[in-house]
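Peer 1: Sequence and predicted model, in that order:
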Amino acid sequence: MAGGGRVRFNVGGQLFETTTTTLANAGRDSMLGALLDSSWNVPCASSAGGAKQPAEYFIDRNPACFAVLLDLLRTGSLHVPPQLPEKLLYREALYYGLLDHVRSARWGAFDGDRLRLASSVPGRAPGDGTAIRAAPDGGLCVAHGGAVRVYNWMLDERRPVSLDHYSQVNDAAYLDAATLLVAAREKKRLGNGEDGGGMAAFSAASGDLRHRFRVQHARQPKPFTAGALAFHGSSGRIFASCKGRLNEHGVGVWDSATGEQADFFYEPPGCALGDADRLQWLDAASALMVATLFPKTDHCSIGLLDFRDKSVAWSWSDAGTAEDKRVLHAIAMDDEHSVCVINQYDDLGFLDLRTTAGGVRWSSRSKLMNRKAPGEESCYPKLATHGGQLFSSMNDSISVFSGPEHVLTSTLRRSYGGPICDFSIGGDRLFVLHNEENVFDVWETPPPPII
């Protein structure tokens, strides 16, 4: 652009002047960054003396919000005046294509040791929630009974996903930021003779049904209960533990692009795949980790399913062990060479996936972290990994372990909401669901200081 690299904006009647360098900070995908494209340039006006003047653009939007966003592009920091509603600023940032800039200025890259409580949101339903799941864009959903309540990244509640009165949500997962997968219990509906349950995809924005995934056995569609969910992004495959009325027990596989069933791993004798509580795809092993946990079954079993030859490539069970330690949750570590488990005593244990010999290497943490008072209600612990760190919920706190030896480095705790029944990490946020009226907390990492 001419005019000394300067650009002038008339926003809602208020004049702003900036440089092409500042506009370049907005990025080519934004509306302001696109002004650097020659096809958008407006010829510079000439003054009475013939001097070139900066190009001027009129934008019929809120000038107070534009001032904040322009300052963000200039300085890299976000300063919102007290009288300016944040949601109004987010709406304007969406218009200009600057939402990513606002989000990165509001919170930094996820770090479990630097997390700070950002907000607590009261639940909409009494009793225990089924699950909380983080969306890729920083939003979330909370499954409870026959409904899934959905929130965008600004924590505005969207239209919920509602099932019929005879189905109950078992699990939920984000296929992408716009699509929510819901697994539900199969139960015969009254009156019309149709079957509920199974798995379906819904719009995360509107709650509308997009597609229902079917299970076929002997070329005939069969009703089934869908349990744990998993998604393999590079291949576009969706996995779900399935339990039918007859022998349709195992893990189903669907193509996310077509919605058609791509495969089915029928459970072998003595291996309750249809009851699996946890599924996780492991790229390193080209296999699906399947964990069936206590107390759904008397003993925990963990296996790696190889769909190429329908074999169990690796397996472990706590059945027959002398120790009275029942595994309540399991997760493959980031390096995918080991699985972390946790028992009823809040002990962490590790299984080596590279060998079939040996058992669990227990690492007792209960003396450091167990704060349960006598007679206090508790929830089963859960595990998660992110960025090389291990996270574990224990009663009313989240413990963070770092380094190769998984040393306890941080503890996140809130007194409001009671014990933690589930938590999830995604979109650079940690969401924690408490069992008292579904209160959930939002934890964020502060942005790095601007020097």
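Peer 2: Perfect, I can see it now.
Peer 1: what about Arg74, helix or strand, and which?
Peer 2: helix 63-75 (DSSP states H and E).
Peer 1: Which residue ranges of the stretch 251-400 of the chain form helices?
Peer 2: Taking DSSP state H, counting those that start in this stretch as the test, the helices found in the stretch 251-400 of the chain are 366-369.
Peer 1: which residues of it score low on pLDDT?
Peer 2: 320-323, 357-358, 364-377 (pLDDT under 70).
Peer 1: quick check: domain ranges of the protein?
Peer 2: 6-106, 113-444 (automatic domain parsing).
Peer 1: so which of these is the most packed in?
Peer 2: domain 113-444 (a mean of 18; mean count of other CB atoms under 10 Å). (Each C-beta comes from the backbone N, C-alpha and C, glycine too.)
Peer 1: Straight-line length of it, end to end?
Peer 2: 11 Å (CA to CA, to the nearest Å).
Peer 1: Use 49 as the first number from now on
Peer 2: Shifting the count to begin at 49 puts that one at domain 161-492.
Peer 1: quick one: average pLDDT of the helix holding Arg122?
Peer 2: Per-residue pLDDT over helix 111-123 has a mean of 95.
Peer 1: what sits up against it?
Peer 2: Contacts to helix 111-123, defined as CB atoms under 8 Å, 6 or more residues apart in numbering, come from residues 57, 59-62, 64, 66, 70-71, 73-74, 80, 107, 125-129, 132, 136-137, 140-141, 144, 146, 149-150, 153, 498.
Peer 1: which ones among these are found in strands?
Peer 2: Phe57, Val59, Gln62, Phe64, Thr66, Ile107 (DSSP state E).
Peer 1: is it possible to export those to TSV including pLDDT and distance to Asp256?
Peer 2: Converted to TSV, those look like this (pLDDT from 0 to 100; distance: CB to CB, whole Å):
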residue	pLDDT	distance to Asp256
Phe57	94	38
Val59	96	36
Gln62	95	40
Phe64	95	40
Thr66	92	42
Ile107	93	33
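Peer 1: Looking at the residues you listed, spot the one nearest Leu321.
Peer 2: Ile107 (57.0 Å; CB to CB).
Peer 1: Okay, and the beta partners of the residue lying closest to that closest one once chain neighbours are set aside?
Peer 2: Nearest non-adjacent residue to Ile107, counting by CB to CB, 6 or more residues apart in numbering: Val59, 4.9 Å away. Here Val59 sits in beta bridges with Gln62, Ile107, going by DSSP bridges.
Peer 1: Double-check Val59 against Arg109; I have them as touching.
Peer 2: Yes - counting by CB atoms under 8 Å, Arg109 is a contact partner of Val59 at 5.8 Å.
Peer 1: got the contact list for Asn218?
Peer 2: So Asn218 contacts Thr178, Ala231, Ala232, Arg233, Thr273, Ala274, Gly275, Ala276 (CB under 8 Å, 6+ apart).
Peer 1: Among those residues, which pair sits farthest apart?
Peer 2: Applying CB to CB across the contacts of Asn218, the maximum distance is between Thr178 and Thr273, 13.6 Å.
Peer 1: my guess is Phe398 meets His385, correct?
Peer 2: No - assessed by CB under 8 Å, Phe398 is found out of contact with His385, at 9.9 Å.
Peer 1: follow-up on the earlier one: which ones are touching the residue nearest to Ile107?
Peer 2: Counting by CB under 8 Å, 6+ apart, Val59 touches Phe106, Ile107, Arg109, Asn110, Pro111, Phe114.
Peer 1: again, 7 Å this time
Peer 2: Ile107, Arg109, Pro111, Phe114 (CB atoms under 7 Å, 6 or more residues apart in numbering).
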